[in-house]
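**Q** okay, here's the prediction I keep looking at, along with the sequence it came from:
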Amino acid sequence: LVTRMSEGTRLRQVAFLALGAAGVAGILLPSRRQLRIDLLLSYPLVLLVSWCFLSILWSHAPALTAKRFIVLLAMIAAVVALVRRHTLVILPTIGLAYGATCLIVGVVAEAVFGGSPMQAGYRFAGTMHPNHTGICMVLLVLGALALADWRTPSRRWFFALATAGGIGLLMTQSRTALFAGVFGALVMTIVRWPLRRLILVGLPVLWSAAVLGTLYTLDLVPPIWQKALLARQDSDVTTLTGRTDIWRFALRHLTRDEARLMIGFGFDSFWTPEMARDVSRFVQFKISEGHSAYIDTTLELGLIGAALYSFCLLTAFGRWCWYARRTRAATAAFAAGLTGFAIIHGLTESATVDAHLWTLLLWSAMAFAALARPRVEGGIVK
């Protein structure tokens, strides 16, 4: 773990260099679309990237921060190339292709290496951690639901893929991915409903939730949390599977210095090998992340950077909800669902601010909202 944190892996280095090169090529080629600058979102995004770069000056590990910023630049180049060269439909397409690939490779890996759903404590993982595999399954579900809206003869196959992704998500037993994925799917559905349907469906749901909540507080219904939390035996709900201890450790370091609280320890470099050793001793298991996108962002960029990131994420979510409601376009609904997923997922996981493909999709969703002028053709925002 420590070696991977300090040196990285050669495969990831090659992959990000290739991603950056492809992004630069896409930027140099002629643009295929008219760009529109939305200052409410594009300006904070520029400030956020600039703040990440400036954090090299005060980072407690400048070399590591500079290395991680190069990775961020490669992702930004790819994001800008996607916006200039493709329509919004590229996002659910990538999400579906990546999720389906992870599902197929994961099933093969589990079969080869002996993973069995009949084993006690089994969690579908494939080649990644189950929590990361859960994110891939969410991308598969959301991408398939968005592409199914084309009403083509193959629509049923998209629904079949969404069902397979849902089963895979349940088998990962990743609670954060499940709850955030359900929220994202609900957002995709609700933002395209007419107001009358929202009222007819929403009011009974709210009333039922209020009644069940009241009955539960009066001990008139049996506990349902064990099933709702996937009946996992390897976790403690009271500490969010040890997350509260990690947050206590991280925030203790922040509050020692008021300046660090405002500016952070450097972009993507709080969790140095030394910090990983310290927190692992503190919580008594191996860990190298804060298990919260917002806490990790605060650790790395301070309250200033965390505020910029949260503003960009929430603004993009609001923009795409508005676009989807106005146009009823499935691709706009996917972007709304993706950003909504990231908002909820970031509460107890850090994956959406790490360097992964789903992070590339999230930044692309924000960039499309900030730079691309949406137009509707055939029910798709382009």
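**A** On my side now, so go ahead. Here the structure is a predicted model, which means the values were calculated and not measured. Residues are numbered from 1 along each chain as shown.

**Q** where does the stretch 251-382 of the chain have low pLDDT?
**A** Low-confidence segments of the stretch 251-382 of the chain (pLDDT under 70): 279-290, 373-382.

**Q** rerun at 80
**A** Low-confidence segments of the stretch 251-382 of the chain (pLDDT under 80): 253-254, 271-291, 373-382.

**Q** wait, isn't Q173 in contact with A125?
**A** No - contact criterion CB atoms under 8 Å: Q173 and A125 do not qualify, at 10.0 Å. Bear in mind the C-beta positions are built from the backbone N, C-alpha and C, glycine included.

**Q** give me the pLDDT for the closest residue to L357 other than its chain neighbours.
**A** Among residues not flanking L357 along the chain, Y98 sits closest, at 5.6 Å (CB to CB, 6 or more residues apart in numbering). You'll see Y98 listed with a pLDDT of 96.

**Q** what's the burial count for Y98?
**A** 20 (other CB atoms under 10 Å).

**Q** where does it sit relative to M128, distance-wise?
**A** Note on Y98: its distance to M128, by CB to CB, to the nearest Å, is 12 Å.

**Q** so what sits against both of the two?
**A** C136 (CB atoms under 8 Å, 6 or more residues apart in numbering).

**Q** for T297, give me its contacts.
**A** G305, A306, Y309, S310, V353.

**Q** how does it look with 7 Å?
**A** With contact set as CB atoms under 7 Å, 6 or more residues apart in numbering, T297 has these partners: G305, A306, Y309, V353.

**Q** report the buried residues of the helix or strand where it lies.
**A** In this assignment (DSSP states H and E), T297 forms part of helix 293-327. For helix 293-327, a neighbour-count test (16 or more other CB atoms under 10 Å) marks 293-302, 304-306, 308-313, 315-317, 319-321, 323-325, 327 as buried.

**Q** would you mind checking the average pLDDT for the helix or strand containing M188?
**A** Counting by DSSP H and E, the element that carries M188 is helix 175-190. Taken as a whole, helix 175-190 has an average pLDDT of 92.

**Q** what about the helix or strand harbouring A367, distance to the chain center?
**A** Assigned by DSSP H and E, A367 falls within helix 357-371. Per CA atoms, centre = their mean, to the nearest Å, the displacement of helix 357-371 from the mean C-alpha position of its chain is 11 Å.

**Q** got it, and stretch 203-210?
**A** Using CA atoms, centre = their mean, the offset of stretch 203-210 from its chain centre is 29 Å.
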